[in-house]
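S.K.: Pasting the sequence and the predicted coordinates here, then a few questions.
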Amino acid sequence: MCGICGTFHYTGSEPVAETSIRRMMDTIVHRGPDDAGVHLDGTLGLGFRRLAILDLSPAGHQPMSDPAGRVWVAFNGEIYNFRALRAELEAKGHRFRSHCDTEVIVQGFVEWGDEVLNRLEGMFGLAVWEPRRRRLLLARDQLGIKPVYYTLQDGTLHFGSEIRPILAALPAKPGLDLEAAAEFLRYRYTPAPRTIYAGIHKLAAGEKLIVQNGQATLSRYYTYAPEPFAPAPRADEAAEQLLALYETAVQRHLMSDVPVGLLLSGGLDSGLLLGLMAKHGRDWPTFSVGYGTSFRDDELTDAARTAALFGARHHEVRIDRATFERE
C-alpha cells in the first residue's frame, strides 16, 4: 500500500524539521512496514513508508531521485505499464538503477515533465519535488484510486496519503466541516475536495496541485472524452472486447515480487477475478470474512464454493459481535 507525507513552507524560510516529518510518518506505519525514508531540502520535507511489492532490494528506497538530483519522488501505488515506459526511456538514453516502477516516474518526469502523468497507467498518489525550481507537485491517479489529502494554512502545505499525518503536523485539531458531514450522510462518502475536517482537502481523480513561487494552483491534468464506436460492435464482439480488457487488467495486477492473494466474496465480481487469475496458475490464496452460517446474508459458503471450483487455497475469517467491537 505504502504511504507518503510531507510539509512545504512555500512562503517562508523556516526549514522543515526531520522530527516533524517522522512524527507524520509514524501515523502511517501500517501502510508501509518494510522501509521508511525522509528527504529534507530546507523549507521542504518528504516522508515515505514502504510496503515492498516490486524490487524488494534497497534500490527501491524512497523518496527517490535521479542521479543528478533534479527530481525527487515519493510515490504510493502501482504503475502497470512501467516496463513499456522503461524501455522507451532507455531508448532515449536514461539509465536505471533499480527494477521498480518508482524510478520510471522519476526518469519519466526528467524526460517529459508533468506530461508523464498522462503516460502512467495504474493507481497512484505522488509528490514530485524539483529543487532547482523549488516546485512541488502533488497528483492523484486518473480514477482516484489512491488518495492524496492536503491542507494550505499560513503559507504552509501539509499533505499525506491519509489525514492522520496532517493532523500530526497541525498545532491543533481542526473543526468539523458541516457541509462535508451532510454530504457524507447523503452519499455515504465525502466527495472531493472536502473531507470531514474543515480546511483539509483531498485531490479529486485526475487532479494535480502545484506549489511554487508562493502560490498553490489546483488543476485537472486528465479529462476523459468518450468517442462513439464507428461502427458499433455486435453484442458478441463487445463481449469479447470486454473480456480481453478484463484479462489484460488482471494479468497486470498479478505483477509482483511478493505473493498475491484475492479477497473473495460470494458475488460475481471477485469470482470473475479468480477465474481470470486461474488462467495464470492455480492454488491462489483467497480470503473471505463473514459472520458464520447463522447470518442470513453471509457469503462464506458461496465464497468457499467458488474457491474450490478454481482450486484456490481458501481462508475464512469469522467474526462475531464481540470481535467486531473489540477490533
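M.R.: Looks like it came in fine. Numbers count the residues shown, from 1 in each chain.

S.K.: which residues of the stretch 151-300 of the chain fall in helices?
M.R.: Counting by DSSP state H, counting those that start in this stretch, one finds helices in the stretch 151-300 of the chain at the ranges 164-169, 178-187, 235-253, 268-277, 300-309.

S.K.: so the last one versus helix 268-277, what angle?
M.R.: The one in question is helix 300-309. Taking axes from the mean of the first three to the mean of the last three C-alpha atoms, to 10 degrees, one finds that helix 300-309 is oriented at 10 degrees with respect to helix 268-277.

S.K.: picking up where we left off before, buried deepest among the helices of the stretch 151-300 of the chain, which one?
M.R.: Among these, the stretch with the highest mean neighbour count (mean count of other C-beta atoms under 10 Å) is helix 164-169, at a mean of 22. All C-beta atoms are positioned from the backbone trio N, CA, C, and that covers glycine.

S.K.: Contacts for that one, please.
M.R.: 3, 5, 7, 20, 23-28, 47, 149-151, 158-160, 173-174, 197, 200 (C-beta atoms under 8 Å, 6 or more residues apart in numbering).

S.K.: Just the buried subset of those residues, please.
M.R.: 3, 5, 7, 20, 24-25, 27-28, 47, 149-151, 158-160, 174, 197, 200 (16 or more other C-beta atoms under 10 Å).

S.K.: re the thing from before, Ala322 is nearest to which of the helices of the stretch 151-300 of the chain?
M.R.: Taking C-beta to C-beta, helix 300-309 is the member of the helices of the stretch 151-300 of the chain nearest to Ala322, at 18.3 Å.

S.K.: Which strands or helices does that closest one pack on?
M.R.: Helices and strands in packing contact with helix 300-309 are listed as helix 268-277, strand 285-290, strand 313-318; criterion 3 or more C-beta pairs under 8 Å, 6 or more residues apart in numbering; DSSP states H and E.

S.K.: The last one - contacts with which helices or strands?
M.R.: Helices and strands in packing contact with strand 313-318 are listed as strand 285-290, helix 300-309; criterion 3+ C-beta pairs under 8 Å, 6+ apart.

S.K.: Quick one: work out the angle between it and helix 300-309.
M.R.: Computed by the same axes, to 10 degrees, the angle between strand 313-318 and helix 300-309 is 170 degrees.

S.K.: one step back: need the helices and strands packed on helix 300-309 in TSV (columns: mean pLDDT and distance to Gln212).
M.R.: Putting the helices and strands packed on helix 300-309 into TSV (pLDDT from 0 to 100; distance: least, C-beta to C-beta, whole Å) gives the following:
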stretch	mean pLDDT	distance to Gln212
helix 268-277	92	42
strand 285-290	90	44
strand 313-318	90	47
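
S.K.: could the ones you listed be laid out in CSV, adding distance to Ser256?
M.R.: Listed next are those as CSV, based on distance: least, C-beta to C-beta, whole Å:
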stretch, distance to Ser256
helix 268-277, 12
strand 285-290, 13
strand 313-318, 17
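
S.K.: quick one: which of those is nearest Ala216?
M.R.: Within the helices and strands packed on helix 300-309, the stretch nearest Ala216 is helix 268-277; the backing value is 38.5 Å (C-beta to C-beta).
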